[in-house]
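Visitor: Generate a structure from the sequence data that follows.
(chains A and B)
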Amino acid sequence: MELIINSTIIILFILGLYGLLTQRNIIKLAICFNIMEASILIFFLTVGYKPEGSYPIIRPEVDSYVQPLPQALALTAIVIGASTTALMLAFAIKLYKRYHTLDIDKLRRLRG
Amino acid sequence: MNHILIWLIVSPIFLAAVTHFIKKYLVNFGFLIFLSVSIVNTCLSLLVFLESGSDILVYRVGNWSIYKGIILVADKMSLFFLLFMQIIFFFSLLFSKGYVKNDHGTFFSLFYLLQAGLTGMLLTGDLFNLYVFLEIVSIVAYALVAYDKTDHGLEAGFKYLVLGSVASLIILWGIGIIYATTGNLNLAIVAGLMQNLTPLIKGGVFIFFFIGFGIKFALFPFHPWLADAHASAPSPISALLSGVMIKIQLYSLIRIVTVLYGIDYIHDLKLNIVFMSLGVGSVLIGHLMALKQTNLKRMLAYSSIAHIGYIVIGLGSISPQGVVGAFYHMLNHGVLKIGLFYFAGTLIYHLNLKQIKDLKSLFWRNPFLSIMFCIFALGMIGIPPLNGFFSKWLIIMGVADAGYVIPAVIIAIGSFLSLIYYLRVVVIMFEPARKLEERFRIDPFFAIPIGAMVVCSILLVVFGSQIHLILHEIMLFIRDNSTYIQAVLYS
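Guide: Numbering: from 1, shown residues only, chains lettered A, B, ... in the order given. Now for the predicted structure:
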């Protein structure tokens, strides 16, 4: 089980990175960034996970809980990721209005 | 006393939130509020710096124990950088006031978020908070680079955004691995648990942090975004990014590496050789690319890459002189490069000059500005009475003493290359004018910050020995991480 999760994390991360390096469409770049981020969020969730653990609200009849802190960290990371994605899409809108294309190869003006 | 630390983070965030509502009054009355808050914050940083002496202040937010809550830690190193940062932000505020023509509300909102994020990065004692503040700084920086909404700005901003967000994810992954293996995020507590980790995890996390922060401060193989971003941003922002932001990101890496790993780890694995070779790469690529630039701000941006290289070489030598020189060079390069970007910004604002060849006979049109440029340029090259020389000299001596001859030679070659490209600008500037061109006056909002940077660079030389003493103390402090760990654990 652990092996499957770990390999999922690594495959998702590499997939996202590969997409960022090869894709030319701005929207696809934003999606690839989100795939990378998803892999790290899965990693955060696996850190605090226990197979028999209950949700982290203290009750007398339960003695094993999943750790709440990684979930809180993952939430913060989601918020930050959302704002980064929002900024990327805002850039996409501005660039599209100016150049009428989403292909980053066609808007390369900065060289050397 | 300790509450000052949280005030320094909260007050800019509050101003950032409020600017939108007072933007009607920003031109006169609102700006006075900004100015007074900036002065108060600078004075408070100075007060904390002087009062704290050699002890380490630990502020537990909400009075939770350090095992549960968030802490802010202020030691000699972070307070010193904090004071430097506050002074620079004060003058940037003046310069931005003159430079930004429309939509003051958005600009100053982002400006203050940048200030809050950088203060937080300096003061935080917690890995995840460091990540949050780093992201505040980065997201604001991406937006500010594209603030003018020019073609170049948008493209450079997008490039920076993609690279920077990948770097943030790599850093976040490193932090996640640290939490998974040690079960804590507080730097001091994690540092105590680091020896339980297997060498593989320890090394892997180090690589994650190194690559992540390396992209953020534009170390050699990861540098391409910097020249575009810093050249396309509005000039007050270029100055802040080049002068303060990349240095504070480098500071964060120094803080993590020295507290979590300690100098011995670097020394045993010979990682300093890696630092130095990347630093040498930065110096060469930065100076060589700067040589062939025709755009003034782009040339300055490439020179920033080279100077980050000097600093990394100095830190990589791990000799006392080299490290002190590297810290001293951070301040010197910050002040001088900010002055140069202000100069470029003034020309863009008044005459819309961007290319180097347009600067022809500038001296006859505005002697003040040209002489200021010469002082900054000579300082950057490292001509003896100016501050750039002393820090470069310390770095070269430190590196050579530690037995690394090649980096020392490369620094000397780098200075020579920078002499060529700065001198080219100076020669163009002093070319005799064919016909008498009309003079132009510069706005006091531009003249004061530029003059202040010259005064700062002179003060950095005049008080050189005192600053050297402080930096020596900082060097001893980061050499031995047990001081930091014990101060936090027994707070």
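Visitor: Which residue does the stretch 351-491 of chain B have closest to chain A?
Guide: Relative to chain A, the nearest point of the stretch 351-491 of chain B is residue B:354 (13.5 Å; C-beta to the nearest C-beta). All C-beta atoms are positioned from the backbone trio N, CA, C, and that covers glycine.
Visitor: Which neighbouring elements make contact with the longest helix seen in chain A?
Guide: With DSSP state H applied, the helix covering the greatest number of residues in chain A is identified as helix A:68-99. Where contact means 3 or more C-beta pairs under 8 Å, 6 or more residues apart in numbering or on different chains; DSSP states H and E, helix A:68-99 is packed against helix A:26-48, helix B:127-145, helix B:151-182.
Visitor: quick one: buried residues of the shortest one?
Guide: To tie it back to what came earlier, the one meant is helix B:127-145. Neighbour counts over helix B:127-145 (16 or more other C-beta atoms under 10 Å in any protein chain shown) mark B:127-145 as buried.
Visitor: what's the answer for the first one, then?
Guide: By neighbour count, with 16+ other C-beta under 10 Å as the criterion, the buried positions of helix A:26-48 are A:26, A:29-44, A:46-48.
Visitor: what's the distance between the residue nearest to the spatial centre of chain A and residue A:49?
Guide: Using C-alpha atoms, centre = their mean, the residue of chain A that lies closest to the mean C-alpha position is residue A:37, 1.6 Å off. Counting by C-beta to C-beta, to the nearest Å, the separation of residue A:37 from residue A:49 is 19 Å.
Visitor: got any ranges where chain A has weak pLDDT?
Guide: Judged against pLDDT under 70, the low-scoring parts of chain A cover residues A:109-112.
Visitor: what's the burial count for the nearest residue to residue A:53 once chain neighbours are set aside?
Guide: On the basis of C-beta to C-beta, 6 or more residues apart in numbering or on different chains, the spatially nearest residue to residue A:53 that is not a chain neighbour turns out to be residue A:66, at 4.0 Å. A total of 17 residues lie near residue A:66 under the criterion other C-beta atoms under 10 Å in any protein chain shown.
Visitor: got a list of what residue A:66 touches?
Guide: Taking C-beta atoms under 8 Å, 6 or more residues apart in numbering or on different chains as the definition of contact, the neighbours of residue A:66 are A:48-50, A:53-56.
Visitor: Go again with 6 Å.
Guide: Residue A:66 makes contact with A:48-50, A:53, A:56 under the criterion C-beta atoms under 6 Å, 6 or more residues apart in numbering or on different chains.
Visitor: closest to chain B among these?
Guide: Sorting those by how near they are to chain B, with C-beta to the nearest C-beta, puts residue A:48 at the top with 8.9 Å.
Visitor: Backbone dihedrals for the residue nearest to the closest one when sequence neighbours are not counted, please?
Guide: Nearest in space to residue A:48, with sequence neighbours left out and distances taken as C-beta to C-beta, 6+ apart, is residue A:67 at 3.2 Å. Here the main-chain torsion angles of residue A:67 (degrees, to the nearest 10) amount to phi -70, psi 130.
Visitor: How many neighbouring residues does residue A:67 have?
Guide: For residue A:67, the neighbour count with other C-beta under 10 Å is 15.
Visitor: Ok, residue A:11 next?
Guide: Burial of residue A:11 is recorded as 11 neighbouring residues (other C-beta under 10 Å).
Visitor: which element is it on?
Guide: Using DSSP states H and E, the secondary-structure element containing residue A:11 is helix A:2-22.
Visitor: buried sites along that helix?
Guide: Using 16+ other C-beta under 10 Å, the residues of helix A:2-22 that count as buried are A:9, A:12-13, A:16-17, A:19-20.
Visitor: Identify the residues contacting that helix?
Guide: Under the contact criterion C-beta under 6 Å, 6+ apart, helix A:2-22 has outside partners A:32, A:35-36, A:39, A:42-43, A:46.
Visitor: Surely the residue nearest to the centre of chain A and residue A:80 touch.
Guide: No: with contact taken as C-beta atoms under 6 Å, residue A:37 and residue A:80 are classed as non-touching, separated by 8.9 Å.
Visitor: check contacts around the residue nearest to the centre of chain A.
Guide: Applying C-beta under 6 Å, 6+ apart, we find residue A:37 in contact with residue A:81.
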